[in-house]
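[1] Return a 3D structure for these sequence lines:
(chains A and B)
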Amino acid sequence: MSASPTWTIAGVREALLTKKTSARELAKDFYARIERRNPELNAFLALCPERAYAQADRVDAAITKGQALPPLAGVPVAIKDVISTQGVRTTCGSKILETYTPPYDATSIERLEKAGAVILGKTNCDEFAMGSSNENSAYGPVRNPADLDRVPGGSSGGSAAAVAAGLAVASLGTDTGGSIRQPGAYCGIPALMPTYGRVSRYGLIAFASSLDRIGPFANTITDAATVMSIIAGHDSNDSTSAVDGVPDYLAEIEKPIAGLRIGVPEDYFGAGLDAEVKAKVLAGIALLENLGCKRVPLKMPHTGYAIATYYVIATAEASSNLARYDGVRFGLRVQGNTLMDMYRKTRERGFGPEVKRRIMLGTYALSSGYYDAYYLRAQKVRSLIARDFSNAFEKVDVILTPTAPTPAFKLGEKTADPLEMYLADIYTVTGSLAGIPGISVPCGKSAAGLPIGMQVFATHFGEARILQLVRAFEKAGGFVI
Amino acid sequence: MKISREDVLRVAQLAHLDLAPEEVETYRGQLDEILAYIGKLQELDVSNVEPMTQMRPRNAGGASGARVAEAEPELRDDVVIPCTVADAVLAKAPDAAKPFFRVPKVIER
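    Numbering: from 1, shown residues only, chains lettered A, B, ... in the order given. Reported below is the predicted structural model:
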């Protein structure tokens, strides 16, 4: 529908340096695009033009003075509404935080702005990032820019749709069981879940602490790598953040890929996989073989247990993390006669059905008499799933799978059956449980014109290897195969 | 059936959720279905498997061993860093009387 050009980070930089536009004009142009498209997409929950224009003016002043520009100078970005932004409402897609305005910025936000990025606003998502379709948002679903009758995926559906529709050049999402990669696949853009600990989570509102990660959406691999180079790295405010050095992603991604060993686990290509998705992903693998990669068949025998494991561990952690929403310190309070009455009424009115379902499931799994059978057992199976990956990475450099079993489904199609919705994450939760990085990149479209995603995993801190592979894939036309 | 109406009410009470009567049966059915699915974890023999309790890459990951040795926990220097957001937090609280949050009376005389 929109004839507006797709901007890249390099494109923005060039346009600013050659004075074809200013950062303020560009921000204004993006707000105009949002005004046009957001009523139908519902990708943004809040806009912060004051903050965006102030940042744009700083960039423009630096250009006027001839100062060196930071890597993201003037680049319009969007932020999932689970990441704290000082003074900008942050709801997590929940009624319980409808009035919540964080008193500080997340580290990833600080780093983006220090690099010159212009934050346009906050994007819609499933409530507390719990969902695979964005239909669990208390503020209405996001629609897929490729087909407005279909979901954008979830939970970072707003961040994916915003970039795919050209309403932001890049965005941040979060991934707990597939919430970056699956919407990336459904909306047809690159979407990277970094290694656990690679990107600081200070200021990320927690869902499941042993799984949550922040990562980028972008239109190109170079742009995803650029954003990663800004947000990755140790942060003393996050005790789970890794001290490992951050590679020069932009240099790494241009390296040749011939000779890389690509593992293809048969367990990801069995029953339940849509025939068109299978054909496109296999075509993607064939293209990489043509580029000199070596295909290695793999068996990852515990793949079929990943969803069950995930829904014990993630819900157990959520039941604990979401105990803080009690009406005492922030967000919604529903008055009660006693403290307990206030807690219960606040949580009953503030949380939506999926959040309550997961809190109850997690509470059950952790409760006396059930802990060993559910939580402890799930943690052990998690070890087996992680071992499947560490064994595989003895033989291969990357693992290649479909991102999701089908292209984007229709709004309302799976809302009646929570379990069926959970199975949309069947290929993504494995990497989440193992703590490794994974990306989804487009690999063509279905006959109906719906984007299809291909997923690439590497071992811990292997983001550069993943990006290198998919950069070559992108250059060879793999995105439109 | 794995989960009863009473289980749902017990769990809701533990989680401080005040469910409406019609919600109880809906959640009972859904949780029952999900727990039945999760039951597939019982198929595996995990008697010699350690639970995965740490997310940092470590060598305990089986035959391979991850490439990164288990890192020392990252502890920062023991220096007091002042919290500067207390006023902002209290200003946005549902009911505050600086420096406190106010709640319904919890102690009966």
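
[2] Could you list the low-pLDDT ranges of the stretch 51-200 of chain A?
    For the stretch 51-200 of chain A, no stretch has pLDDT under 70.

[3] Number of residues surrounding the residue in it positioned nearest to chain B?
    Here the residue of the stretch 51-200 of chain A nearest chain B is A:Pro103; by CB to the nearest CB that distance is 3.7 Å. Heads up, the C-betas are built off the backbone N, CA and C, glycines and all. Residues near A:Pro103, counting by other CB atoms under 10 Å in any protein chain shown, number 18.

[4] In contact with the most centrally placed residue in chain B, which residues?
    With distances taken as CA atoms, centre = their mean, B:Ala15 lies nearest the centre of chain B, 10.5 Å away. When contacts are counted by CB atoms under 8 Å, 6 or more residues apart in numbering or on different chains, B:Ala15 touches A:Ser319, A:Arg347, A:Ile359, A:Met360, A:Thr363.

[5] can we see that at 6 Å?
    The contact partners of B:Ala15, by CB atoms under 6 Å, 6 or more residues apart in numbering or on different chains, come to A:Ile359, A:Met360, A:Thr363.

[6] A:Pro437 now?
    By CB under 6 Å, 6+ apart, the neighbours of A:Pro437 are A:Pro194, A:Thr195, A:Ala458, A:Gly462, A:Glu463, A:Ile466.

[7] Among those, name the ones in helices.
    Residues of the contacts of A:Pro437 located in helices (DSSP state H): A:Glu463, A:Ile466.

[8] possible to save the contacts of A:Pro437 as TSV with distance to chain B and neighbour count?
    Shown next, in TSV, are these (distance: CB to the nearest CB, whole Å; neighbours: other CB atoms under 10 Å in any protein chain shown):
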residue	distance to chain B	neighbour count
A:Pro194	13	24
A:Thr195	8	26
A:Ala458	11	25
A:Gly462	9	22
A:Glu463	14	30
A:Ile466	15	31
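
[9] check contacts around the residue of the stretch 51-200 of chain A closest to chain B.
    With CB under 6 Å, 6+ apart, A:Pro103 has these contacts: B:Val85, B:Ala88, B:Val89.

[10] which residue sits closest to A:Leu287 in space, ignoring its chain neighbours?
    Using CB to CB, 6 or more residues apart in numbering or on different chains and skipping the chain neighbours, the partner closest in space to A:Leu287 is A:Gly478 (5.3 Å).

[11] where does that neighbour land on pLDDT?
    Per-residue pLDDT puts A:Gly478 at 98.

[12] How about the backbone phi and psi for A:Ser171?
    Phi and psi for A:Ser171, reported as degrees, to the nearest 10, are phi -150, psi 160.

[13] who's in contact with it?
    Here A:Ser171 is in contact with A:Val77, A:Ala78, A:Ser159, A:Ala162, A:Val163, A:Phe217 (CB under 6 Å, 6+ apart).

[14] Make sure the fourth one is actually in contact with A:Asn42.
    No: the pair formed by A:Ala162 and A:Asn42 falls short of the contact definition of CB atoms under 6 Å, at 10.5 Å.

[15] The two: which is more packed in?
    Neighbour totals were compared for A:Ala162 and A:Asn42, and A:Ala162 leads with 39 against 21 (other CB under 10 Å).

[16] What helix or strand is that one located in?
    When elements are assigned from DSSP states H and E, A:Ala162 belongs to helix A:157-164.

[17] list the helices and strands that helix packs on?
    The helices and strands touching helix A:157-164, judged by 3 or more CB pairs under 6 Å, 6 or more residues apart in numbering or on different chains; DSSP states H and E, are strand A:76-80, strand A:118-123, strand A:170-175, helix A:181-187, strand A:213-218.

[18] Next, the angle from it to strand A:76-80.
    Counting by axes from the mean of the first three to the mean of the last three CA atoms, to 10 degrees, helix A:157-164 points 160 degrees away from the direction of strand A:76-80.

[19] Write out the residues of the stretch 1-150 of chain A neighbouring chain B.
    A:Pro103, A:Tyr104 (CB under 6 Å from any CB of the partner chain).

[20] quick one, helices of the stretch 1-150 of chain A?
    Taking DSSP state H, counting those that start in this stretch as the test, the helices found in the stretch 1-150 of chain A are A:9-17, A:23-41, A:49-64, A:107-114.

[21] returning to what we had before: can you tell me which residues contact the residue nearest to A:Leu287?
    A:Gly478 touches A:Gly284, A:Leu287, A:Cys443, counting by CB under 6 Å, 6+ apart.

[22] May I have the phi/psi pair for the last one?
    Listed backbone geometry of A:Cys443 is phi -140, psi 60, with angles given as degrees, to the nearest 10.

[23] Just give me the residue closest to the centre of chain A.
    Chain A, centroid-nearest residue using CA atoms, centre = their mean: A:Ile180 at 2.2 Å.

[24] I'd like to know how far the residue nearest to that residue when sequence neighbours are not counted sits from A:Val142.
    Nearest non-adjacent residue to A:Ile180, counting by CB to CB, 6+ apart: A:Gly173, 4.4 Å away. From A:Gly173 across to A:Val142, the span is 12 Å (CB to CB, to the nearest Å).

[25] Over to A:Ile466?
    Separation of A:Ile466 from A:Val142 (CB to CB) stands at 26 Å.

[26] Which residue ranges of chain B form strands?
    Along chain B, counting by DSSP state E, strands occupy B:96-97, B:100-101.

[27] How about the stretch 351-481 of chain A?
    Using DSSP state E, counting those that start in this stretch, the strands of the stretch 351-481 of chain A run over A:398-402, A:438-445, A:451-457.

[28] Which one (most neighbours) among the contacts of A:Gly478?
    Those, ranked by neighbours (other CB under 10 Å): first place A:Cys443, 30 neighbours.

[29] right, and that residue touches A:Met454 too?
    Yes: with contact defined as CB under 6 Å, A:Cys443 reaches A:Met454; the gap is 4.1 Å.

[30] what residues do the two have in common as contacts?
    Taking CB under 6 Å, 6+ apart as the contact rule, A:Cys443 and A:Met454 both touch A:Gly284.

[31] How about the contacts made by A:Asp388?
    With CB under 6 Å, 6+ apart, A:Asp388 has these contacts: A:Met300, A:His302.

[32] Okay, A:Ile285 and chain B: tell me how far apart.
    Distance of A:Ile285 to chain B, given as CB to the nearest CB, to the nearest Å: 23 Å.

[33] part of a helix, is that residue?
    Yes: A:Ile285 sits within a helix when classified using DSSP: H, G, I helix; E, B strand; the rest coil.

[34] From A:Ala185, how far off is it?
    For A:Ile285, the distance to A:Ala185 - CB to CB - is 16 Å.

[35] Around B:Asp18, count how many other residues there are.
    18.

[36] and if you look at the one 3 residues further on?
    Other residues within reach of B:Pro21 by the criterion other CB under 10 Å amount to 6.

[37] any idea of the pLDDT on it?
    90.

[38] try the one 5 residues further on
    The predicted local distance difference test score for B:Thr26 is 94.

[39] how many neighbours does it have?
    14.

[40] and it, what is it in contact with?
    Under the contact definition (CB under 6 Å, 6+ apart), no residues are listed for B:Thr26.

[41] ok, now how distant is it from A:Tyr374?
    B:Thr26 sits 21 Å away from A:Tyr374, going by CB to CB.

[42] likewise A:Leu167?
    Distance from A:Leu167 to A:Tyr374, by CB to CB: 41 Å.

[43] neighbour count winner among these two?
    Between A:Leu167 and A:Tyr374, counted using other CB under 10 Å, A:Leu167 has the larger neighbour count: 29 against 26.

[44] ends of stretch A:324-333, how far apart?
    From its first residue to its last, stretch A:324-333 covers 12 Å (CA to CA, to the nearest Å).

[45] Having no further points to raise, I will conclude here.
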